[in-house]
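> turn this into a model:
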Amino acid sequence: MIVPPDTSGLPTEVDQRPRRARVLMLQGTSSDVGKSLLVAGLCRAYANRGLKVLPFKAQNMSNNAALAVDSEAEPGPDGTIPPGEIGRAQALQARACRVAPSIDMNPVLLKPQTEIGAQVVLRGRVLGNCPAKVYHRMRHALMPSVLSSLNRLWAEADLVLVEGAGSGAEMYLRDSDITNMRLADSADLPVVFISDIDRGGTMGALVGSHALLRPNDRARVKGYLINKFRGDFSIFEPACETITEHTGWPFLGVLRWFEAAGSLPAEDSLALERPARNLSGRVRIAVPRLQRVANFDDLDPLAAEPAVDLFWLQPGQPLPADTDVVILPGSKATRADLAFLKAQGWDIDILAHVRRGGHVVGLCGGYQMMGHAVRDPQGLEGTPGETPGLGLLDLITEIGGDKRLIAVDMTDTLSGQTVRGFEMHMGCTEGPGLASPWFELEKNGQRVAEGAVAHQGRVMGGYVHGLFADDGFRAHWLKRVGATAELAYEERVEATLDALAVHCEQHLDLDKLYDLAK
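Okay, here's the model as predicted:
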């Protein structure tokens, strides 16, 4: 059970001292209405206007995380402060603002580990594991930390864009809420509602949200936006008149469908439900769809390569015989996902794949699964115990110790290519397999092995995330598996953010939205 932090020295309301930043909160009528993407686009658009813009999301729930440049950890032996972690969406929004990601941008991050519980990360560091029911009761104690982070951003920026979470009208959560209307009330924030018309039900979603909100919360809403629209909007304009008639909220514009959204990292694992393709002439990469998959954006650069057909192997589906590479992704609950993998029969398929000469890559939790066993004596990821691994690497992993959060520069032992990435994991992996490392990194003036390689270089695993975003490393790796890299991935992300900013400028009244910000 986790203990709520000591917040006696933190504010219980927003600091009322003068600040330079305007602030605007964007809430949704439901999850996945496009809040994160819209905030990213607005961040880049306002940054292009010369403003210092900063993103903020009080609480995020995602197993896709990124390193922040700061944390509240004690300095290490060299005097430097280790990085913290925040949600990947806020890191992308920070990039859109052209600033470094900070723990203040996402002070509370929930990383689901079971159906009813999650790891709680507070201001970049792990607070502990908590069942949902317990967290629901204790999260009000986190509000001072949330307000403290918001105060810091408010003092540094010209404009702070605050993203809500899920639906802003979930009134049964209102009194314990730290992300939507209770936060808006505590910080006196103006709110704009967003509804996703692509999924349908926009009229009911907006009018229903108005009906459910308390009168003082309704008064905070300055208007609404329609997102993801396709087709002739004049047909829908009468619906907007009806929405405004029933709510009194002004219609603030429609953001049309942004086709290039798939070129940016996805926050939600719902993006992994797309059906597999079978694109002939391409290297086929299968990724088992684990229940607690984490940092799946590691694979975005590979999926974007024209010479690659990367598909997620859905539960119950066998591994296709024409698969060239299997990638075992990260996991927030390694032993549970290892048991799930075996329940699908994928362990048998993967071992047969290796015997046929296929390649297997394990990333972080996937790397842990490739050894002889994964042990969790303290029950940090679930019930204490040990789970037999796939036996592809001569290693054993024990979950425990402090979470390792660090950016690393390494050398790929197979190609000599240098690569930069980051580690984000709990546990230690040891064994004879480390004598054949995948990478080498320099630590305290010495060369240190990272990861392992076996089966004549066809099987490899390591703890490092972000490998495939490195164009040079990705090109060397793809050449080993029979493909040619064509993509400059980081340039593509930047170009997409710029295009998204232009899209927002073209379809929304950014001057009006800026005026609504207090």
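> list the contacts for Asp300?
Under the criterion of CB atoms under 8 Å, 6 or more residues apart in numbering, the neighbours of Asp300 are 265-266, 468-469, 489. All C-beta atoms are positioned from the backbone trio N, CA, C, and that covers glycine.
> I'd like the average pLDDT over the helix or strand containing it.
Assigned by DSSP states H and E, Asp300 falls within helix 300-304. Averaging pLDDT along helix 300-304 gives 95.
> which SSE is immediately downstream of that helix?
strand 308-313.
> give the pairing partners of that next one; include direction for each.
Strand 308-313 pairs in its sheet with strand 283-288 (parallel), by DSSP bridges.
> could you point out which element follows the strand it pairs with?
Next element after strand 283-288 (DSSP H and E): strand 293-294.
> dump the contacts of Asp300 into a markdown table; add pLDDT as well.
Putting those into a markdown table (pLDDT from 0 to 100) gives the following:
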| residue | pLDDT |
| --- | --- |
| Pro265 | 83 |
| Ala266 | 73 |
| Phe468 | 96 |
| Ala469 | 95 |
| Tyr489 | 95 |
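> top of the residues you listed by number of neighbours, please.
When neighbours are counted by other CB atoms under 10 Å, Phe468 leads the contacts of Asp300 with 26 neighbours.
> so that one: helix, strand or coil?
Under the three-state scheme (DSSP: H, G, I helix; E, B strand; the rest coil), Phe468 adopts helix.
> how about the residue nearest to it when sequence neighbours are not counted, what does it touch?
Nearest residue to Phe468 in three dimensions, chain neighbours excluded: Pro301, at 4.3 Å (CB to CB, 6 or more residues apart in numbering). Pro301 makes contact with 468-469, 474, 487, 489 under the criterion CB under 8 Å, 6+ apart.
> what does Arg123 give?
Arg123 touches 71-72, 84, 103-104, 107, 145, 149, counting by CB under 8 Å, 6+ apart.
> quick one, which of these are buried?
By neighbour count, with 16 or more other CB atoms under 10 Å, the contacts of Arg123 hold 71, 84, 103-104, 107, 145, 149 as buried.
> where does pLDDT dip in the stretch 351-500 of the chain?
443-445 (pLDDT under 70).
> how about the helices in it?
For the stretch 351-500 of the chain, applying DSSP state H, counting those that start in this stretch gives helices covering 365-369, 471-480, 489-507.
> which strands and helices sit next to the shortest one?
Applying 3 or more CB pairs under 8 Å, 6 or more residues apart in numbering; DSSP states H and E, we find helix 365-369 packed against strand 325-328, strand 330-331, helix 334-343, strand 459-462.
> and the last one, what does it pack onto?
Other helices and strands packing on strand 459-462, by 3+ CB pairs under 8 Å, 6+ apart, are strand 359-363, helix 365-369, strand 452-454.
> gap between the closest residue to Ala260 other than its chain neighbours and Tyr489?
Nearest residue to Ala260 in three dimensions, chain neighbours excluded: Thr496, at 5.1 Å (CB to CB, 6+ apart). As for Thr496, its distance to Tyr489 is 11 Å (criterion: CB to CB, to the nearest Å).
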